[in-house]
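> here's a sequence, model it:
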Amino acid sequence: DCADTPVRLAACLQALRQVTAGRVLCVYSASDELPANERPLLGRVAEQAADIGIITNSSLNCEPSLRVAHDILDGYERPAKAHTIPGRINAIQWALSKARPGDSLLIAGGSRTGWLGEDTQGTDDYELARNWLYESGDNPGPRILTGAFG
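The predicted structure follows:
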């Protein structure tokens, strides 16, 4: 997913806002490669453009970087508005559980590579979200947007 810089995230959220009747939710992260001075800008964009921003780590199969989350939170005017869920799987599932009909969910700044483990539910963000929605059955859920943008 290429919505991993402030400019790309802003473009995705602005486009999504135009086609969303309800709220815009955004699960996002910054890779360790994103310069530290740009991470607060990512937080500022999410705070301003999403109704609910969920900060997480950038890969389904790695340990979360709390330093990166703290850097992102530095961009918030009201940090208490942010939701920080270090485990990407948990963050995506939490966002899906909070979404209502008419909402859109952007899952940004993550890896689309495969991952391993006994508790796997998919191979990437899209598969994880799709499987969760399928298993929840009665929840019409949000429109989910993942993929390459920018």
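> all helices for this protein, in order.
Secondary structure of the chain (DSSP state H): helices at 6-18, 39-49, 66-73, 88-98, 125-136.
> relative to residue 57, which of these is closest?
helix 88-98 (5.3 Å; C-beta to C-beta). Every residue, glycine included, has its C-beta placed from N, CA and C.
> quick check: mean pLDDT across that closest one?
Averaging the model's pLDDT scores along helix 88-98 yields 93.
> follow-up on the earlier one: out of the helices of the chain, flag the one nearest residue 104.
If we rank the helices of the chain by C-beta to C-beta, the stretch that ends up nearest is helix 6-18, at 5.1 Å.
> other SSEs contacting the closest one?
Using 3 or more C-beta pairs under 8 Å, 6 or more residues apart in numbering; DSSP states H and E as the contact criterion, the neighbours of helix 6-18 among helices and strands are strand 24-28, helix 39-49, strand 104-107.
> do you know how far the nearest residue to residue 66 once chain neighbours are set aside is from residue 18?
In space, not counting the residues next to it along the chain, residue 66 is nearest to residue 86; the distance is 7.0 Å by C-beta to C-beta, 6 or more residues apart in numbering. Residue 86 sits 31 Å away from residue 18, taking C-beta to C-beta, to the nearest Å as the criterion.
> give me the more crowded residue out of these two.
The residue with the greater number of neighbours, taking residue 86 and residue 18 and applying other C-beta atoms under 10 Å, is residue 86; the counts read 16 against 7.
> contacting residues around that one?
Residue 86 makes contact with 56, 57, 64, 66, 69 under the criterion C-beta atoms under 8 Å, 6 or more residues apart in numbering.
> hang on, the last one packs against residue 84?
The reference is to residue 69. Yes: here residue 69 reaches residue 84: they are 5.4 Å apart, a contact under C-beta atoms under 8 Å.
> quick check: neighbours shared by these two?
Common neighbours of residue 69 and residue 84 are listed as 55, 56 (criterion: C-beta under 8 Å, 6+ apart).
> higher neighbour count, those two?
Neighbour count, other C-beta under 10 Å: between residue 69 and residue 84, residue 69 has more, with 21 against 16.
> quick check: that one vs residue 34, distance?
Using C-beta to C-beta, residue 69 is found at 12 Å from residue 34.
> same deal with residue 87?
Taken as C-beta to C-beta, the spacing of residue 87 relative to residue 34 amounts to 20 Å.
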